[in-house]
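**Q** Prediction below, plus the sequence it came from.
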Amino acid sequence: MTPSLLWPTTPASLVVEPPPFFPDLNLDRVVEKAVGGLEFDLRPLYYTPLHEPEAIRYRQAVFADLADPVLREALRAFVQAQQELRRLLKLAQTLSNPYQQQGYFLEAALLYVRSTRALGQALDGSCLASEGLKRVRAFLAQYRASAGFAALAQEAQGLQAALAAIRYTLHIQGDRVTVRAWAGEPDYQTELEAASARATRRTTG
């Protein structure tokens, strides 16, 4: 089971409507300012009360660990990576060309592997006190060592390397573009970049 940073055990249910006292204390505005307009509806997390002291201490310990700016930034980077991953997958679904779709799927897979490894390494290098983040660290360590994750990483990185090794030639004449196998022609991109660099040095020199 995926560990939670909010509850030491799975909550019975989430409260989906704000408590009646929220408007009186302007807490509805606080919640809306904090999570309104996000990708997921997080309001029930604020509506659901904590009754057990153990659950309160569990969250407080997590927030104490998050006082570490390095750890906090690692978690923020992971969340941003997952947002970008979902954007890539949604974009792929709008495309009709199968090769374009597969390209975005590959980019999403590589991002998933990189971000998962980065978060795991950040947690491994952190001195954690909270049970919540320790559970996440253990979960990620086990997941990163799993055969499934290793196979995904190997396949995605192998495809990336194979695509990077493809060489071809573009012949452009007027409005016609011809793509053919590379036959030892010089790399004009390298030559153009070198010429541009020389021109820049003359301009700024």
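**A** Received it, and whenever you're ready, just let me know what you need.
**Q** could you turn stretch 119-129 into PDB, dropping everything but the C-alphas?
**A** C-alpha atoms of stretch 119-129 as PDB (Å, rounded to 0.1, in the frame of the first residue of the first chain):
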ATOM      1  CA  LEU A 119      13.200  11.900  -5.100                       C
ATOM      2  CA  GLY A 120      14.400   8.600  -3.800                       C
ATOM      3  CA  GLN A 121      18.000   9.800  -3.700                       C
ATOM      4  CA  ALA A 122      16.900  13.000  -2.000                       C
ATOM      5  CA  LEU A 123      15.100  11.000   0.700                       C
ATOM      6  CA  ASP A 124      18.000   8.600   1.100                       C
ATOM      7  CA  GLY A 125      20.300  11.600   1.800                       C
ATOM      8  CA  SER A 126      18.000  13.300   4.300                       C
ATOM      9  CA  CYS A 127      18.000  12.900   8.000                       C
ATOM     10  CA  LEU A 128      14.300  12.200   8.600                       C
ATOM     11  CA  ALA A 129      12.500  12.100  11.900                       C
END
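**Q** buried stuff in that stretch?
**A** Of the residues in stretch 119-129, those with enough neighbours to count as buried (16 or more other C-beta atoms under 10 Å) are 119-120, 122-123, 126, 128. From N, CA and C alone the C-beta is placed, and that goes for glycine too.
**Q** Secondary structure, distance to T200 and pLDDT added to the residues you listed, as a markdown table?
**A** Below are the buried residues of stretch 119-129 laid out as a markdown table (DSSP: H, G, I helix; E, B strand; the rest coil; distance: C-beta to C-beta, whole Å; pLDDT from 0 to 100):
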| residue | secondary structure | distance to T200 | pLDDT |
| --- | --- | --- | --- |
| L119 | helix | 39 | 97 |
| G120 | helix | 42 | 97 |
| A122 | helix | 38 | 97 |
| L123 | helix | 43 | 97 |
| S126 | coil | 43 | 95 |
| L128 | coil | 48 | 97 |
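**Q** from these, which is closest to P19?
**A** Of all these, P19 sits closest to L128, with 32.4 Å by C-beta to C-beta.
**Q** still on that earlier bit, turn the buried residues of stretch 119-129 into JSON lines, columns for distance to Y143.
**A** Putting the buried residues of stretch 119-129 into JSON lines (distance: C-beta to C-beta, whole Å) gives the following:
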{"residue": "L119", "distance to Y143": "11"}
{"residue": "G120", "distance to Y143": "8"}
{"residue": "A122", "distance to Y143": "15"}
{"residue": "L123", "distance to Y143": "12"}
{"residue": "S126", "distance to Y143": "17"}
{"residue": "L128", "distance to Y143": "17"}
